[in-house]
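Asks: Sequence and predicted structure are below.
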Amino acid sequence: MLEVDKLRAGYGAINILWDLSLTIREGQTTVIVGPNGAGKTTLLRAIMGLIKASRGDIRLNGRTTANRATWDIVHDGVIMIPEGRLVFRDMTVEDNLMMGAFPRHCRKGAKQNLAQVYDLFPRLAERRHQAAGSLSGGEAQMVAMGRGLMEEPKVVLIDEPSLGLAPVVVDEIFRIIARLKREGRTIVLVEQNTHRALAVADHVYLMRSGQVALSEPASAVNLDRLHDLYFAAEA
Ligand code: ATP
């Protein structure tokens, strides 16, 4: 459904992704691991059209996304839940979630989608009138995820959702990812926590210095070997 084909991209004169190819299959959870600076976030940004390829291509359902605006890619059902739990601090939880229903195509279903988000995150329902700035890190991550889900995505790109969260909160975030997977969504998960990520993965890519160092079905991944490759990258 999403094909990254020999992608070369970066920031200005600095190139980060070096002829990187990968395939995201419909209904699957694709996990991307790799050390800091490997270019995982850069890849997600390129998929969203936030940075442009200097070579290669990204195809969504067979159609190139080159020269397409981010809003157009969102309209086609691809959304990104960025790292860092970005919330509008002075707005309530509910208003933050409703921001996700801003794109025209998902305004009609906003009420129903909000009910679904509250079903997924009962804690947010309890705090719907609370300012988002007063939430815990885990709750803010739930708002960031919930806001993304308000956009009725088919493909959800999630960047390091567990970063800096307590283990019990990480459990909850991964329970939700597992549920999204059961609902049949296509998920691309960038995660440092390889152990947890593998538990929900169908396919695993290890990225190193802007390239794919390993591509395997999750069932074939040997964690020791993955960690060896992972840490070799940092040497
Ligand atoms: P992390 O796990 O630390 O988030 P990552 O694999 O997601 O790492 P990226 O965030 O994609 O890596 O960063 C890859 C490289 O691109 C890094 O060397 C980073 O410093 C650089 N980089 C990221 N954003 C920019 C930017 N806006 N301008 C210039 N360089 C950038």
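Replies: Yes, it's here.

Asks: from here on, contacts and neighbour counts on C-alpha atoms
Replies: Noted.

Asks: State the distance from T29 to the ligand.
Replies: Distance, T29 to the ligand, by CA to the nearest ligand atom, to the nearest Å: 18 Å.

Asks: cool, S136 as well?
Replies: 21 Å.

Asks: give the contact list for that residue.
Replies: Residues near S136 by CA atoms under 8 Å, 6 or more residues apart in numbering: none.

Asks: what are the C-alpha coordinates of stretch 179-191, in PDB please?
Replies: The C-alpha coordinates for stretch 179-191 follow below in PDB (Å, rounded to 0.1, in the frame of the first residue of the first chain):
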ATOM      1  CA  ARG A 179      -6.100  -2.900  19.400                       C
ATOM      2  CA  LEU A 180      -5.600  -0.600  16.400                       C
ATOM      3  CA  LYS A 181      -3.800  -3.500  14.800                       C
ATOM      4  CA  ARG A 182      -6.700  -5.900  15.500                       C
ATOM      5  CA  GLU A 183      -9.100  -3.300  14.000                       C
ATOM      6  CA  GLY A 184      -7.100  -3.800  10.800                       C
ATOM      7  CA  ARG A 185      -5.300  -0.500  10.500                       C
ATOM      8  CA  THR A 186      -2.000  -0.300   8.800                       C
ATOM      9  CA  ILE A 187       0.600   0.800  11.300                       C
ATOM     10  CA  VAL A 188       4.200   2.000  11.000                       C
ATOM     11  CA  LEU A 189       5.800   2.100  14.400                       C
ATOM     12  CA  VAL A 190       9.200   3.700  15.100                       C
ATOM     13  CA  GLU A 191      10.300   2.500  18.400                       C
END
